[in-house]
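**Student:** Give me a 3D structure for the following:
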Amino acid sequence: ILQTTTTQNAKTVVAGLLRLIVEMCIRASVCVFPTERCKDSNGQVYFVNHSKKTTQWEDPRTQTLPNDDSLPEGWEMCCTRKGVRFFVEQNTRKTTFCDPRTGKYSITKSLQMMYEVSFRWKQAHFRSRCQSCAVSGHVNIMVSRQTLFEDSFHQIMDLNPQDLRKKPNITFLGEPGLDHGGLTREWFFLLSHDVFNPSYCLFEYAGKSNYSLTISPASTIYPDNLSCFCFVGRFIAMAAFHGRFITSGFSLPLYKCMLQKKLTIKDLESVDPVFYNSLIWIRDNNIEECGLDLCFSVDIEVLGQIITHDLKPDGSNVSVNEDNKEEYIRLIAEWQFFKGMDEQIKAFLKGFSEVVPLPWLQYFDAKDLEMMLCGVQEVDLDDWQRNTVYRIYTRNSKQIIWFWKFVKEADNEVRLQLLQFVTGTKRLPLGGFAELIGSSGPHKFCIQKVGKHTQLPRSQTCSNTLDLPPYKSYMQLKKKLLFAMEETEGFGKK
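**Tutor:** Reported below is the predicted structural model:
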């Protein structure tokens, strides 16, 4: 180059080539910086610059290239886990792949759409909103396990909704231990179990073979049922705001109400496919020729009593015919979604929006919303083993071999029970065990050698840690572990 061009031109060409090489190395994930990729004890990746003797979380390959202009005021550049740059406008919390300096996208339009529709992107966008609106300090909630619902109801409803954006600090009466995150997870799990238990009559299963939940008409037996649903709305919003899981999912129509999306007759198929097919048959056939005798009313059973509800004024005296059957299908579908529980739904949404404004959910669909609230419930044994760390024990210790034998032989329900004993919840994040969270951030499932073989296992739910004594046999380990899981509620948890 120096022989065929001027010195200035050579410098320009060389600089361009160096810049091209750096970009190619970034795309090839080859680090040209004097850095080493390492992992801390929790498995989180960080980078060591040996020449500067510094460490950092961000991959230097994804940082700004040489000679890049500084970002406009109020903008921040971040990176996805795969090293793709995106930009955040701090005032509006708007997130985009478009570089505000150049107007160009850090990835192609097709890839941008792929990222933007992904659940992880939507969840990250929601979490950034929650973090930017979080209130400093703690909100103290003191409850008894025997009166969990009542205690939680009174305290949450007595608080200013903004205080529910503070970090929860849970105390179970009569139990030692500080809440470093594990008790909070357990509180969300146990209270959601109580709230959604059909025997409480607030919610019921959406269908005979559909275990998703919808609001129960029997909830009207409570004089203050609207306050109950406002409380449930606040509680669910707290779970979403603080990134905690609940035990059960809602029916599709209720999710769509939370997302402020219009319901269609097609949505009825997910709730009651038999009833949906019967309405489609009415729509597609001449009901007068078939001699079908229908009127604009519906019978419903509430606490053992049959109640007739008119779909329109004096509906029980209005027959359905070919001319008005479309109106009948629309009205009975609307009824079937929520069975006249409009005021209860409004109370639920009011409570939810007091903590989390409904527009914050705009990027989610019903499936995404359920994933964010409920997580994953099926346990992958290989994923669990792959993302477990050991202290004092090694993966070849006989107690660890016995532990995994116990887990392998257990059914999914026992595995979930073990998961709840150690982590405080039966739910997993979308990424499985690799993305378990402790009180101070990411924290993998851990088994450590603690105590004597005569003692029971203990759990530290704040750090997803199982304290496993050095048992003498497989049967002893199995017996002690099962007893601890089933009989020691609240025992040894932190």
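
**Student:** If we go by neighbour counts, what in stretch 305-312 is buried?
**Tutor:** For stretch 305-312, burial by neighbour count (16 or more other C-beta atoms under 10 Å) applies to Asp310, Leu311. In short, each C-beta sits where N, CA and C put it, glycine included.

**Student:** Could you give the separation of it from the chain centroid?
**Tutor:** Its chain's C-alpha centre and that of stretch 305-312 lie 37 Å apart, by C-alpha atoms, centre = their mean, to the nearest Å.

**Student:** Measure how buried the residue nearest to Glu486 when sequence neighbours are not counted is and give me the count.
**Tutor:** Once flanking residues are discounted, Glu486 sits nearest to Gln417: 7.6 Å by C-beta to C-beta, 6 or more residues apart in numbering. Each residue near Gln417 was counted by other C-beta atoms under 10 Å, and the total is 15.

**Student:** now swap in the one 3 residues further on and tell me
**Tutor:** Taking other C-beta under 10 Å as the neighbour definition, Gln420 ends up with a count of 20.

**Student:** Tell me the spacing between Gln131 and Ala124.
**Tutor:** Gln131 sits 10 Å away from Ala124, going by C-beta to C-beta, to the nearest Å.

**Student:** before we move on, which element is the residue nearest to Glu486 in?
**Tutor:** If you go by DSSP states H and E, Gln417 is part of helix 412-423.

**Student:** How far off centre is that helix?
**Tutor:** The answer for helix 412-423 is 18 Å, by C-alpha atoms, centre = their mean.

**Student:** for stretch 377-393, same thing?
**Tutor:** 20 Å.

**Student:** List the buried residues in stretch 226-241.
**Tutor:** In stretch 226-241, counting by 16+ other C-beta under 10 Å, buried: 226, 228-241.

**Student:** avg pLDDT for that stretch?
**Tutor:** For stretch 226-241, mean pLDDT rounds to 96.

**Student:** most centrally placed residue in this protein?
**Tutor:** Nearest to the mean C-alpha position of the chain, counting by C-alpha atoms, centre = their mean, stands Met372 at 2.4 Å.

**Student:** so who does that one touch?
**Tutor:** Listed by C-beta atoms under 8 Å, 6 or more residues apart in numbering, the contact partners of Met372 are Phe119, Gln123, Phe126, Ala240, Phe364.

**Student:** State the distance from the residue nearest to the first one when sequence neighbours are not counted to His125.
**Tutor:** By the measure of C-beta to C-beta, 6+ apart, the closest residue to Phe119 outside its immediate chain neighbours is Asp368, 5.3 Å from it. Separation of Asp368 from His125 (C-beta to C-beta): 11 Å.

**Student:** still on that earlier bit, could you find the two of the contacts of Met372 that are most distant from each other?
**Tutor:** Greatest spacing in these, by C-beta to C-beta: Phe119 and Ala240 (14.1 Å).

**Student:** which of the contacts of Met372 count as buried?
**Tutor:** Of the contacts of Met372, these count as buried by 16+ other C-beta under 10 Å: Gln123, Phe126, Ala240, Phe364.

**Student:** Closest to Phe196 out of the residues you listed?
**Tutor:** Ala240 (15.5 Å).

**Student:** State the three-state secondary structure for Glu301.
**Tutor:** State at Glu301, reduced to three classes by DSSP: H, G, I helix; E, B strand; the rest coil: strand.

**Student:** Actually, Leu178.
**Tutor:** coil.

**Student:** and it, how many neighbours does it have?
**Tutor:** That count, for Leu178 with other C-beta under 10 Å as the rule, works out to 11.

**Student:** so what pLDDT did it get?
**Tutor:** With respect to pLDDT, Leu178 scores 70.

**Student:** residue contacts, the residue nearest to Cys201 when sequence neighbours are not counted?
**Tutor:** Sequence neighbours aside, Ala218 is the residue nearest to Cys201 in space, at 4.3 Å (criterion: C-beta to C-beta, 6+ apart). Contact analysis of Ala218 by C-beta under 8 Å, 6+ apart lists Cys201, Glu204, Val302, Leu303.

**Student:** Of those, grab the buried ones for ChimeraX.
**Tutor:** To isolate the buried members of those in ChimeraX, using 16+ other C-beta under 10 Å:
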select :201,204
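
**Student:** hmm, which two among the contacts of Ala218 are most spread apart?
**Tutor:** Glu204 and Leu303 (11.4 Å).

**Student:** just to revisit the earlier point, per-residue confidence at the residue nearest to the centre of the chain?
**Tutor:** 89.

**Student:** do the same with Ile392
**Tutor:** pLDDT, Ile392: 94.

**Student:** Phe445 too?
**Tutor:** 94.

**Student:** what do you get for Glu204?
**Tutor:** Reading off the confidence values, Glu204 has pLDDT 86.

**Student:** List the neighbouring strands of the helix or strand where it lies plus their orientation.
**Tutor:** According to DSSP H and E, Glu204 maps onto strand 203-207. Strand pairing for strand 203-207, determined by DSSP bridges: strand 210-215 (antiparallel).

**Student:** Can you name the element that comes right after the partner strand?
**Tutor:** Where DSSP H and E defines the elements, the next helix or strand beyond strand 210-215 is helix 225-242.

**Student:** which other helices and strands contact that following helix?
**Tutor:** Identification of packing neighbours for helix 225-242 by 3 or more C-beta pairs under 8 Å, 6 or more residues apart in numbering; DSSP states H and E yields helix 119-132, helix 148-158, strand 167-172, helix 182-196, helix 342-355, helix 366-374.

**Student:** mind exporting the shortest one as CSV, just the C-alpha atoms?
**Tutor:** To tie it back to what came earlier, the one meant is strand 167-172. Provided in CSV are the C-alpha atoms of strand 167-172 (Å, rounded to 0.1, in the frame of the first residue of the first chain):
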residue,chain,number,x,y,z
LYS,A,167,-39.5,-4.1,47.8
PRO,A,168,-41.7,-6.4,49.9
ASN,A,169,-40.3,-7.5,53.3
ILE,A,170,-42.3,-10.5,54.5
THR,A,171,-42.5,-11.8,58.1
PHE,A,172,-44.4,-15.0,59.0
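
**Student:** Sheet partners, orientation included, of it?
**Tutor:** Applying DSSP bridges, one finds strand 167-172 paired with strand 138-143 (parallel).

**Student:** Leaving out chain neighbours, which residue sits closest to Leu436?
**Tutor:** Distances taken as C-beta to C-beta, 6+ apart place Asn464 nearest to Leu436, at 5.2 Å, with adjacent residues excluded.

**Student:** Check what pLDDT that neighbour gets.
**Tutor:** For Asn464, pLDDT reads 89.

**Student:** Tyr471 is in contact with Pro457, correct?
**Tutor:** No - judged on C-beta atoms under 8 Å, Pro457 makes no contact with Tyr471 at a distance of 9.1 Å.

**Student:** Look at the two and report which has more neighbours.
**Tutor:** Comparing Pro457 with Tyr471 by neighbour count (other C-beta under 10 Å), the higher total belongs to Pro457, at 26 against 22.

**Student:** Could you measure from that one over to Leu190?
**Tutor:** Counting by C-beta to C-beta - Pro457 and Leu190 are separated by 20 Å.

**Student:** cool, and Leu416?
**Tutor:** 14 Å.

**Student:** Mutual contacts of Pro457 and Tyr471, please.
**Tutor:** Residues within reach of Pro457 and of Tyr471 at once, by C-beta under 8 Å, 6+ apart, are Lys480.

**Student:** List the buried residues for stretch 256-275?
**Tutor:** Of the residues in stretch 256-275, Lys256, Cys257, Met258, Leu259, Ile265, Asp267, Leu268, Glu269, Ser270, Val271, Asp272 count as buried by neighbour count, 16+ other C-beta under 10 Å.
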